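Engineer: Output the structure for:
(one chain, ligands or ions: 1)
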Amino acid sequence: MKKVVTIQDISCYGKCSLTVALPVISAMGIETCVIPTAVLSTHTGGFTGWTFRDLTDDIPAITKHWLSQKLHFDAIYTGYLGSIHQVQLVSDFFDAFGGKEQRNAIIVDPAMADFGRLYAGFTLDFVAEMRKLCARADYIIPNMTEAAFLLDIPYREQYDRAFAEDVLRRLADLGCPTPVLTGVHYDNLRQGALAFDSANNTFHEAFQDQIDCMIHGTGDIFASVFTGAITLGKPLQRAVEISVNFTVDCIRKTYPHREEMWYGSCFEPCLGRLIQYVNE
Ligand code: PXL
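Structural biologist: Below is the predicted model:
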């Protein structure tokens, strides 16, 4: 059985980070181990006054214990990280459990920004540290805002395929051989993802009809499915397709309830379909 470790916060209410990664990756038939980096009462995207318990000190302690137990993971997947120090400790975790000898995939979702802006509490110093972490990953999964921050270029709401390809090539130049851009749209009709396999100089994409609504946590759904698909050995093209299709399934399911479900998608009824995608 394949085994993933995912490192990100647990937002107790709000359906993102670990409360998405655990059910989604488990549904794909993969054992999902976790390092929770913080406990928040809610995510920070639209709530106010959330609690935040920092678990940074647990990261090196868990790493040390797991080293003593000689554990192995088929993939390491990181999401929302709350501080520069946490990013550095995650880099140490890559030293301990990632790399060529371990033959596993490192997947970094630089979850820190959207719609042209950094999330609450993030700074350009954090971006610089995240850039270094991305350079160590086999796959990174930024949206266009995160890509702009990583590349230190202005965020653009409108662009064409040539621009998206150029962004991906520049992301690969940062050190990650296979960057995947999410939320890609060249018009208001279609939206999807575009991946660049720099080793083979090929692009892989999947698009679906655009659905006009903003629901929190869809980036985490995409990244979790993508992690599961890569861990299962799916080709990059198929991994991108499954990730886009399942994310759009979740958005479609949520759309009729979008007023009250802005904080997280109705992904649970879609999990059966995800299992089908994996087996198709
Ligand atoms: O969905 C990414 C995410 C994860 N965790 C927390 C967040 C966010 C986005 O805002 O606030 C705590």
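Engineer: Is any residue of stretch 20-30 near the ligand?
Structural biologist: No - residues of stretch 20-30 contacting the ligand under CB under 6 Å from any ligand atom: none, with a closest distance of 8.0 Å. Every C-beta, even on glycine, is put in place using the N, C-alpha and C of the backbone.
Engineer: Tell me how many other residues surround residue 233.
Structural biologist: Counted with other CB atoms under 10 Å, residues neighbouring residue 233 total 11.
Engineer: My reading is that it is in a helix; is that accurate?
Structural biologist: No - the secondary structure assignment for residue 233 gives coil rather than a helix, going by DSSP: H, G, I helix; E, B strand; the rest coil.
Engineer: Let's see the pLDDT reported for it.
Structural biologist: At residue 233, the pLDDT value in this model is 97.
Engineer: Going by secondary structure, residue 242 is in what exactly?
Structural biologist: With elements delineated by DSSP states H and E, residue 242 resides in helix 236-254, which encompasses its position.
Engineer: Mind listing residues that contact that helix?
Structural biologist: 178, 180, 192-195, 197, 204-208, 211, 213, 215, 218, 221-223, 225-226, 229-230, 234, 261, 265-267, 269-270, 273-274, 277-278 (CB atoms under 8 Å, 6 or more residues apart in numbering).
Engineer: Now do it, average pLDDT.
Structural biologist: So the average pLDDT for helix 236-254 ends up being 98.
Engineer: who in the stretch 101-250 of the chain is up against the ligand?
Structural biologist: 111, 119, 217, 219, 220.
Engineer: excluding its backbone neighbours, what's nearest residue 33?
Structural biologist: residue 5 (4.4 Å; CB to CB, 6 or more residues apart in numbering).
Engineer: likewise residue 31?
Structural biologist: In space, not counting the residues next to it along the chain, residue 31 is nearest to residue 3; the distance is 4.3 Å by CB to CB, 6+ apart.
Engineer: So that neighbour sits against residue 72, correct?
Structural biologist: Yes - taking CB atoms under 8 Å as the definition, residue 3 is a contact partner of residue 72 at 7.3 Å.
Engineer: who's more crowded, these two?
Structural biologist: Neighbour comparison, residue 3 and residue 72: the larger count goes to residue 3, with 16 against 12 (by other CB under 10 Å).
Engineer: pLDDT weak spots in the stretch 101-250 of the chain?
Structural biologist: Residues of the stretch 101-250 of the chain that meet the criterion pLDDT under 70 are absent altogether.
Engineer: please redo it, this time with the cut-off set to 90
Structural biologist: Under the criterion pLDDT under 90, the flagged ranges of the stretch 101-250 of the chain are 101-103, 120-121.
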